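S.K.: 3D model of this:
(2 chains)
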Amino acid sequence: MVRVMPEAAPAPVKFDLSKQSVRELNQFLHGDLKDVARVRVENPDGAHSIAVAVDAPVRIEIAGHAGYYAAGMNQQGTVVIEGNAGPGVAENMMSGRVEVAGFASGGAGASAHGGLLVIRGDAGLRCGISLKGGDIVVGGDVGSFSAFMAQAGRIVICGDAAEGLGDSIYEAVLYIRGDIRSLGADAVVQPMTADDIAAVTSLLAAAGIEAPAREFKRVGSARKLYHWNADADQEY
Amino acid sequence: MCGIVGLLVKNPALRGHLGEWMVPMLIGMTERGPDSSGMAVFTEPVGKKQRKLSLYCADPKFTWQRFKHAVTKQFDGVVLTVEVNHGVLTTASPPADVRRWIGTEHPSVHVLSVGRSIDLYKDVGLPVEVAERYHFGEFRGTHLVGHTRMATESAVTPENAHPYTAGEDWCLVHNGSLANPGSLKRKLEKLGEQFVSDCDTEGACRYIHWRLEEGDTLEQALHQSFEDLDGFFTFLMGTHDKLALVRDPFACKPAVVAETDDYVAIASEFRSLAHLPDIRNASVFEPKPAEVYSWSV
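M.R.: The predicted structure is shown next:
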């Protein structure tokens, strides 16, 4: 009989941003990380651009609140923000995973091409704007103009959405459990299929958030803005 | 881009820390506003018949001693304290008379604020320089409204720095830009508001003050401002007993609030709040767009 010992979490490489600069941290993260599994960033105190452009399968824990653009352009990395995130968290993420324990400010996951962004609290305005293929799961509410012009990818919203949800949306798909204050131009509520329920179930499981997948509505594009209609009254 | 900071100390036993806690907040907003900064502090009010006027003169050769002599002779119960090129004048005479006299006799002196509680300092330079120049760290009082400016639409001058005031014990700071300051100015000038700068923010300050004078509550005035002010704004405002905060419906400009039993602190970004006592246990939130938040002393 083979006994499998539980794998202990590796000791982290520590950075203290009250003593070290964000540039030092990011230059380390852009170097050779083949022997580094875990990095812990202490005293982030709202600094900008923490752990941007990571391209390695490393786990980075930010022990507090992050400022603008945390974990932007992430590839492969797992970035866990233990507090709140400022504007533009995980913007342009390519792959990997970014988690925010608290709330995220405006533009969370903007233009993300891949990967999973999990926000356990609320997301501010323009969450997932111009999403290009990434997935976002929000435990709370999203602000106005979320998923504006989102092209591909999925957003799961466990709470409510403010004004203009999915305005001018392309082929991204939104799943929302709560109320929609208003839908944006060309965004429509669509029937949930078995595939949609499976998608929500799997995204919630990946995010570690419990919610009944059957209670979500699907919002997608009516595709009426795809072609110019000269006969329309131009009031969109 | 600009930075906004505000602090209201709820616990009277801690009000001696007002200035000391504020200075790192202001310096934390240096990258958002390195060209000028300003601070309005609301202190214990002077007597009901007295008023304080915060004054500024750009001329380094201005003889404040001679001004003090003249103003003391002209008006009742005058006390004048001078800090570099700013002065705080306390008097029992009607402030409108004092303002008129200063305008005629000493046109190089600008009246920055009038009221029973407000003292106001604003100048060009890095926040750390302005804070040191006027000893912001020593400020005592109940609440403060501060600003660091990165000019986008008017020149870098002390007049164009924030906070702006109108009437008595009222000030406003602004992060953002307004698209209709010209039409606001033309409208308000016809109604008797006198402008002192060419900064878009002054239009918002005088607009809200005008609504208050017309009988609106602060909440009503701010809701009306969503209709009448075209542009982007996060406004932080101070009255003798209140701080109020509002973001426009598009909320392009950030704001974060941290509140404990002892204080409420507001800044454009969390990095200006990180040093505050007990911040780890504070309730930290982002104000929603088009909602009016206010806190009383």
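
S.K.: quick one, phi/psi of B:Pro60?
M.R.: Backbone torsions of B:Pro60, given as degrees, to the nearest 10, read phi -70, psi -20.

S.K.: excluding its backbone neighbours, what's nearest it?
M.R.: B:Asn85 (6.8 Å; Cβ to Cβ, 6 or more residues apart in numbering or on different chains). C-beta coordinates here come from the backbone N, C-alpha and C atoms, glycine included.

S.K.: ok, now how distant is that neighbour from B:Val145?
M.R.: If you measure B:Asn85 against B:Val145 using Cβ to Cβ, to the nearest Å, the figure is 21 Å.

S.K.: neighbour-wise, which of the two wins?
M.R.: Neighbour totals were compared for B:Asn85 and B:Val145, and B:Val145 leads with 29 against 19 (other Cβ atoms under 10 Å in any protein chain shown).

S.K.: helices of the chain, start to end?
M.R.: Going with chain A. Here chain A has its helices, by DSSP state H, at A:22-29, A:194-207.

S.K.: I was after chain B.
M.R.: Taking DSSP H as the criterion, chain B carries its helices at B:18-28, B:64-74, B:95-105, B:127-133, B:181-190, B:200-213, B:218-228.

S.K.: which bits of chain A sit near chain B?
M.R.: Proximity of chain A to chain B is confined to A:45-47, A:65, A:67-68, A:84, A:86-87, A:102-103, A:105-106, A:124-125, A:143-145, A:162-163 under the rule Cβ under 8 Å from any Cβ of the partner chain.

S.K.: ok, A:Ile197 - how many residues close by?
M.R.: Counted with other Cβ under 10 Å, A:Ile197 comes out at 16.

S.K.: for B:Thr29, which residues are in contact?
M.R.: For the record, residue B:29 is Met, not Thr. B:Met29 sits next to B:3-5, B:127, B:148, B:267-269, B:272 when contact means Cβ atoms under 8 Å, 6 or more residues apart in numbering or on different chains.

S.K.: let's go with 10 Å and repeat that
M.R.: Neighbour list for B:Met29: B:1-5, B:37, B:127, B:146-150, B:175, B:267-269, B:271-272 [criterion: Cβ atoms under 10 Å, 6 or more residues apart in numbering or on different chains].

S.K.: relative to chain A, how far out is it?
M.R.: According to Cβ to the nearest Cβ, to the nearest Å, B:Met29 stands 11 Å off from chain A.

S.K.: now the strands for the stretch 51-200 of chain B?
M.R.: B:51-57, B:79-83, B:86-91, B:109-115, B:118-124, B:143-149, B:164-165, B:170-178 (DSSP state E, counting those that start in this stretch).

S.K.: one more: chain A?
M.R.: The residue ranges that make up the strands of chain A, judged by DSSP state E, are A:13-16, A:38-42, A:59-62, A:78-81, A:97-100, A:116-119, A:132-138, A:152-157, A:173-176, A:187-190, A:217-221.

S.K.: and the strands of the stretch 51-200 of chain B, which is most packed in?
M.R.: Between the strands of the stretch 51-200 of chain B, strand B:143-149 has the highest mean count of neighbours, a mean of 30, where neighbours are mean count of other Cβ atoms under 10 Å in any protein chain shown.

S.K.: so what are the sheet partners of that one and their directions?
M.R.: In its sheet, strand B:143-149 lies beside strand B:2-9 (antiparallel), strand B:36-42 (antiparallel), with partners assigned from DSSP bridges.

S.K.: switch these over to a markdown table; also include mean neighbour count and mean pLDDT.
M.R.: Compiled in a markdown table, the strands paired with strand B:143-149 are given as follows (neighbours: other Cβ atoms under 10 Å in any protein chain shown; pLDDT from 0 to 100):
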| stretch | mean neighbour count | mean pLDDT |
| --- | --- | --- |
| strand B:2-9 | 27 | 97 |
| strand B:36-42 | 28 | 97 |
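
S.K.: between these, which one is closest to A:Val80.
M.R.: Evaluated over the strands paired with strand B:143-149, closeness to A:Val80 peaks at strand B:2-9, with 28.6 Å, by Cβ to Cβ.

S.K.: tilt between the closest one and strand B:170-178?
M.R.: Between the direction of strand B:2-9 and that of strand B:170-178, the angle (axes from the mean of the first three to the mean of the last three Cα atoms, to 10 degrees) works out to 150 degrees.

S.K.: from the chain's centre, how far out does strand B:2-9 sit?
M.R.: 10 Å (Cα atoms, centre = their mean, to the nearest Å).

S.K.: what's the answer for stretch B:79-90, then?
M.R.: Using Cα atoms, centre = their mean, the mean C-alpha position of stretch B:79-90 is found 17 Å from that of the whole chain.

S.K.: stretch A:115-123 too?
M.R.: Between the mean C-alpha point of stretch A:115-123 and the mean C-alpha point of its chain there is a distance of 5 Å (Cα atoms, centre = their mean).

S.K.: residues touching the most centrally placed residue in chain B, list them.
M.R.: Within chain B, one residue has its C-alpha closest to the average C-alpha position: by Cα atoms, centre = their mean, that is B:Pro163, at 3.2 Å. Contacts of B:Pro163 were listed using Cβ under 10 Å, 6+ apart, and they are B:4, B:37-40, B:112-113, B:118, B:120-122, B:144-147, B:170-174, B:201, B:205, B:236-238.

S.K.: residues near A:His65, how many?
M.R.: A:His65 has 29 neighbours, counted by other Cβ under 10 Å.

S.K.: pretty sure it contacts B:Arg271?
M.R.: Yes: with contacts defined as Cβ atoms under 10 Å, A:His65 counts as touching B:Arg271 at a distance of 8.5 Å.

S.K.: overlap in contacts, these two.
M.R.: For the pair A:His65 and B:Arg271, residues contacting each of them under the criterion Cβ under 10 Å, 6+ apart are A:44-47, A:86, B:256.

S.K.: OK, contacts around the nearest residue to B:Gly16 once chain neighbours are set aside?
M.R.: With Cβ to Cβ, 6+ apart as the measure, B:Arg140 is the residue that lies nearest to B:Gly16, at 6.2 Å, once sequence neighbours are left out. B:Arg140 makes contact with B:9, B:15-20, B:41, B:43-44, according to Cβ under 10 Å, 6+ apart.
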